[in-house]
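K.L.:
next come a sequence and a model predicted from it.
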Amino acid sequence: MSSQGTEPKLRRELTLIDAISVGLGAIIGAGIFVVIGLAAGLAGPAVVLSVVIAGISATFTALSFCELGASLPKAGGVYEYGHTLLHPLVGFVMGWIWVSGNIVLGATASLSFGFYLASAFPWVDPKLGAVALIATVTVVNILGAKLSAGVNNVIVAGKVLALVVFVLVGLSSVNPVHFQNFMPGGFGSVVTAAALFYFAYIGFPRISTMAEEIVEPEKNIPRGILAALFISMAIYVAVAVVAVGLVGYEALASSTAPIATAAEQLGVKAVVEAGALLATFSVVLTSVMGQSRVFFAMARNREIPSSLARVSEKFGTPVNSILLSGAIMLVLALTVDISGLASLTSFSVLFTHMLTNIAAIKLHGIGSPKKSYAIKRVPLHAYIGAVLSLALALSLGAATILAGLLNLALSITWFYFYKAFSKNQG
């Protein structure tokens, strides 16, 4: 483990391609392969519009992440931004809630992997598939960030290719009839679906959590975030149009593997199933990668047990943090309903995105960021991102909001009790 008396640090060895791939690995997963069905059930054919609204909202916040990631290139992402620019308590709350949401995201993706595996091989139990995936990605993460990134690069290429094949083969078979009665639930349902589908975009901040391991972070973090987000948005819109146009929104809403259901009409179901397996694999892989770095940053600041900040001298990874991430994810995958998981994840991440935008506003107040997207020195993107994030979070329903607020209260309780406990011990 890392030597005593020095601050634990991670190896800076990930390139721009690695950063983009981490973003795509985190973004393209359960959202398009599973949550698109839940969103279609709310918005009808206008789910295509929901996909666009969610993407636009994510873009404003992504610009804030670009500035913050370039200016504060340390492990921990949102945790580091809140801790440095707002207040240690706010930073801890942001890190806690972000990790909660992303652990839930990983659990959801692992279950999605199980469902698609069972779709291809009916004799496989979906939860067994989820367990096997979590165990595998935990081991890969322990073996090194560069190895994890390399595995992820290959998987990302495969899943993007599968979605491109689906779109190209399916375009000529799109039936305009399926877009009649475009907005059956009204615009409010479209916004609610957008809030839920925001789940499909939330992977782009994963790049910022790896900031301490990315070479030339001032350049490569903003480039990686924006490239990953815009590539994902283009793919999502195309897939949504083709999927609705092939089978209609009702069929998507009633399926646990909606894109595979649409692909069956084209005779390319096997290709999509393979793409879904690769997609969910990479989401879980990068989920563990991101969560563990936030745990690492928290432990380095002695806000959770310091053993979680230990870095393996052999692998250069925070092994204990990785094991904790995998263990919590495994418990959730085995115990919680997938629809509830997706909604709570969206709320958690939207809440931290609101605070991240506030941190970006504060960054502009104390000096020029490394890369400014402000108009006349006013960070409009951050103000808009904060408002949109809050609005989408509040549209997710009372039960989800209550669960999110309870998690917020739990994070504050931990912060003060652990601080008092550590003081008494020291």
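P.N.:
Thanks, I have it.

K.L.:
may I ask which helix or strand of this structure has the lowest mean pLDDT?
P.N.:
helix 30 (a mean of 64; mean pLDDT, DSSP states H and E).

K.L.:
ok, then the element right after that helix?
P.N.:
Counting by DSSP states H and E, the next helix or strand C-terminal to helix 30 is helix 36-43.

K.L.:
average model confidence for that next one?
P.N.:
Helix 36-43 shows a mean pLDDT of 86 in the predicted model.

K.L.:
stretch 152-159 too?
P.N.:
84.

K.L.:
touching it from outside, list them.
P.N.:
Residues outside stretch 152-159 that contact it (C-beta atoms under 8 Å, 6 or more residues apart in numbering): 17-18, 21-22, 24-25, 28, 274-276, 278-279, 281-282, 285-286. The C-beta positions use only the backbone N, C-alpha and C, and glycine is treated the same way.

K.L.:
so which of the residues you listed belong to helices?
P.N.:
Using DSSP state H, 17-18, 21-22, 24-25, 274-276, 278-279, 281-282, 285-286 are the members of those that sit in helices.

K.L.:
list just the nearest of those residues to Ala120.
P.N.:
Ala274 (8.0 Å; C-beta to C-beta).

K.L.:
any idea how far Ala263 is from that closest one?
P.N.:
Per C-beta to C-beta, to the nearest Å, Ala274 is found 11 Å from Ala263.

K.L.:
swap in Phe204?
P.N.:
From Phe204 to Ala263 the distance is 26 Å (C-beta to C-beta).

K.L.:
and what of Phe115?
P.N.:
Phe115 is 15 Å from Ala263, where distance means C-beta to C-beta.

K.L.:
now Gly158
P.N.:
The value you get for Gly158 to Ala263, if C-beta to C-beta is used, is 15 Å.

K.L.:
same deal with Ala132?
P.N.:
Following C-beta to C-beta, the distance that separates Ala132 from Ala263 is 24 Å.

K.L.:
equivalent analysis for Leu105, please.
P.N.:
Taking C-beta to C-beta, one finds Leu105 at 24 Å from Ala263.

K.L.:
again, but for Ala135
P.N.:
29 Å.

K.L.:
the closest residue to Tyr383 other than its chain neighbours and Val387, how far apart?
P.N.:
What sits nearest to Tyr383 in space, not counting adjacent residues and going by C-beta to C-beta, 6 or more residues apart in numbering, is Ile361, at 6.9 Å. Distance, Ile361 to Val387, by C-beta to C-beta: 12 Å.

K.L.:
mind checking the SS state of the spatially most central residue of the chain?
P.N.:
Centroid-nearest residue in the chain: Gly203, 2.8 Å away (criterion: C-alpha atoms, centre = their mean). Secondary structure, DSSP: H, G, I helix; E, B strand; the rest coil: Gly203 is coil.

K.L.:
thought it was touching Ser21?
P.N.:
No: counting by C-beta atoms under 8 Å, Gly203 stays clear of Ser21, with 11.3 Å between them.

K.L.:
circling back: wait, what's in contact with the residue nearest to the centre of the chain?
P.N.:
Here Gly203 is in contact with Gly23, Leu24, Gly25, Ala26, Ile27, Ile28, Gly29, Leu105, Ala228, Ser232, Val283, Thr286 (C-beta under 8 Å, 6+ apart).

K.L.:
I'd assumed Arg206 was in contact with the fourth one.
P.N.:
Yes: between Ala26 and Arg206 a contact is recorded at 3.9 Å, counting by C-beta under 8 Å.

K.L.:
what residues are shared contacts of the two?
P.N.:
Thr286, Ser287, Gly290.

K.L.:
neighbour-wise, which of those leads?
P.N.:
Thr286 (34 neighbours; other C-beta atoms under 10 Å).

K.L.:
residues in contact with that residue?
P.N.:
Val22, Gly25, Ala26, Asn152, Gly203, Arg206.

K.L.:
Provide a list of residues in contact with Gly385.
P.N.:
Counting by C-beta under 8 Å, 6+ apart, Gly385 touches Ser57, Phe60, Thr61, Leu63, Ser64, His353, Met354, Thr356, Asn357, Ala360.

K.L.:
between these, which is closest to Phe187?
P.N.:
Closest approach to Phe187 among the contacts of Gly385 (C-beta to C-beta): Ser57, at 15.1 Å.

K.L.:
next, count neighbours for the residue lying closest to that closest one once chain neighbours are set aside.
P.N.:
Counting by C-beta to C-beta, 6+ apart, Leu388 is the residue found nearest to Ser57 once chain neighbours are left out, at 4.3 Å. Leu388 has 25 neighbours, counted by other C-beta under 10 Å.

K.L.:
got it, and Val47?
P.N.:
Val47 sits with 31 neighbouring residues when counted by other C-beta under 10 Å.

K.L.:
what residues are up against the spatially closest residue to Thr280 that is not a sequence neighbour?
P.N.:
Nearest in space to Thr280, with sequence neighbours left out and distances taken as C-beta to C-beta, 6+ apart, is Phe113 at 3.8 Å. Phe113 makes contact with Gly129, Ala130, Leu133, Ala276, Leu277, Thr280, Phe281, Val284 under the criterion C-beta under 8 Å, 6+ apart.

K.L.:
compare Leu105 and Ala263 (neighbour count), which wins?
P.N.:
More crowded of Leu105 and Ala263, by other C-beta under 10 Å: Leu105, with 32 against 27.

K.L.:
does that one lie in a helix or a strand, and which?
P.N.:
helix 88-120.

K.L.:
same question for that helix, mean pLDDT?
P.N.:
85.

K.L.:
sorry, back to before: compare neighbour counts for Ala26 and Arg206 and give me the winner.
P.N.:
Ala26 (32 against 28).

K.L.:
circling back: and which of the ones in helices among the contacts of stretch 152-159 is nearest Leu334?
P.N.:
Looking across the ones in helices among the contacts of stretch 152-159 and measuring by C-beta to C-beta, the closest to Leu334 is Phe281, at 18.3 Å.
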